[in-house]
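Enquirer: predicted model and sequence follow; I will ask about them next.
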Amino acid sequence: MLLFLALAQTASTPHGVDVSNYSGLVTYSQWVAAKNPNVWKWKDGSSGILYAITSGYQGNGELNLFAGEQMAGARAAGILTAGYCLISNERPGDAQVKDALAIFGEEKKHLSYFFIDVEDPLIDKPDRKIRPEFIESAIKEVEREGVRPAIYTSRRIWKLTPWMDKNPYSKVPLWDADYDDNDNLLASRTHSFVPYAGWETRFAKQYNDESHGDGLKFVNTTKIIGADVNVFATEKSVRNPQPEIVPCMYVVDTYTYAKDQARRGPNVIGGNSVHIQMDLAGVGQPASGDIRLRTDSPKLVHLPKSIPATQVDIEIPTTAVTVPQVVMIYASYKGHTGCTAFRLVPQ
């Protein structure tokens, strides 16, 4: 059982952000900058980002194709990483978690937690009821996948479950949505945090987002788009394996018409080839040797086994598909690994 230490707020209290597919590509260089005390500063006087969380699945078939590279870059910068899956009522929770964790690729094994996101999109509009069996199967699937489960919710939403009085998950870490624009974990609006549903303390508090208030102060133009801001408990029992610097990969060009790209969104490929680009910042410059490439979808992309490290931009032919397919590509360079993902769609 994990023990969480609730301490008085200090300048060393961990702060962090959660991002999603709306944040798009977040490179290794951006995460390094996010740790810089001269770039991001918090109200309590501490600086930098120590924790990063991103979505794998956001309900209704929406995968975060950037998840693997977002967390690879953060971990490479020495930031603790975690993931989450927003559970909706469209299908059983375990199936949603499987898809969510799969999109992280090799970064799954480095996630310190995986949060089951219980909020409004899970609720059917006609009767506004939560499907508790979906939450149960989702948490069991996280455990089966070998990742530590946790829950993201709020007092208002959890009241809609059958577990407000007797909560079987009260020992599961709570990431509490409490938008009070106050980066004190122990505070809640005008008073101290009031326990609910058996949660006497909370592991994390999401208290604002980038578009509201001034919880996170940017002191220059380096920023991560669409980031919600959080404060975390002082907790030392969970750490990622030793961070390794990884090459961050991302899709450069999708070869689609502008109107199609606007409709399809980022990293959605409708043409017959795709460009990928690798950011080797921090892995040893000048680049030398080869970058090894591999994919779990060899029938969908025609991938060379390796490319020279000086060639960090490569065009890859793709196969026409009749139904949307997610493609993961991995690059290894001098013992470090990065990944990117994109969705092939019928033309």
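Expert: That came through fine. Numbers count the residues shown, from 1 in each chain.

Enquirer: quick check: which element contains the residue nearest the centre of the chain?
Expert: Nearest to the mean C-alpha position of the chain, counting by Cα atoms, centre = their mean, stands residue 54 at 1.3 Å. Using DSSP states H and E, residue 54 maps to strand 51-57.

Enquirer: would you map the helices across the stretch 51-200 of the chain?
Expert: Remark: helices assigned in the stretch 51-200 of the chain by DSSP state H, counting those that start in this stretch are 67-76, 93-102, 132-144, 155-158.

Enquirer: angle of the third one against helix 93-102?
Expert: Spelled out, it's helix 132-144. 40 degrees (axes from the mean of the first three to the mean of the last three Cα atoms, to 10 degrees).

Enquirer: cool, and the first one?
Expert: What separates the directions of helix 67-76 and helix 93-102 is an angle of 60 degrees, with the same axes, to 10 degrees.

Enquirer: which secondary structure elements does helix 67-76 sit against?
Expert: helix 28-34, strand 51-57, strand 80-86, strand 248-253, strand 336-344 (3 or more Cβ pairs under 8 Å, 6 or more residues apart in numbering; DSSP states H and E). (Glycine included, C-beta is placed from N, CA and C.)

Enquirer: what comes up buried for it?
Expert: 67, 68, 69, 70, 71, 72, 73, 74, 75, 76 (16 or more other Cβ atoms under 10 Å).

Enquirer: swap in the second one?
Expert: Under the neighbour-count criterion of 16+ other Cβ under 10 Å, helix 93-102 has 93, 94, 96, 97, 98, 100, 101, 102 buried.

Enquirer: can I assume the third one is in contact with residue 57?
Expert: In other words, residue 96. Yes - between residue 96 and residue 57 there is a contact at 5.5 Å, judged by Cβ atoms under 8 Å.

Enquirer: show me where this protein dips below the pLDDT cut-off.
Expert: 1-13, 37-47, 121-129, 210-223, 235-248, 250-271, 281-285 (pLDDT under 70).

Enquirer: surely residue 294 and residue 303 touch.
Expert: Yes - here residue 294 reaches residue 303: they are 7.2 Å apart, a contact under Cβ under 8 Å.

Enquirer: quick check: neighbours shared by the two?
Expert: Residues touching both residue 294 and residue 303 (Cβ atoms under 8 Å, 6 or more residues apart in numbering): residue 329.

Enquirer: when the two are compared, which one has more neighbours?
Expert: residue 303 (19 against 15; other Cβ atoms under 10 Å).

Enquirer: element containing the more buried one?
Expert: Per DSSP H and E: residue 303 is located in neither a helix nor a strand.

Enquirer: mind listing what it touches?
Expert: Counting by Cβ under 8 Å, 6+ apart, residue 303 makes contact with 293, 294, 295, 316, 329.

Enquirer: where does the fourth one land in three-state SS?
Expert: Taken by DSSP: H, G, I helix; E, B strand; the rest coil, the conformation at residue 316 corresponds to strand.

Enquirer: and the nearest residue to residue 309 once chain neighbours are set aside, how many neighbours?
Expert: Ranked by Cβ to Cβ, 6 or more residues apart in numbering and with sequence neighbours excluded, the top spatial neighbour of residue 309 is residue 287, at 3.8 Å. For residue 287, the neighbour count with other Cβ under 10 Å is 18.
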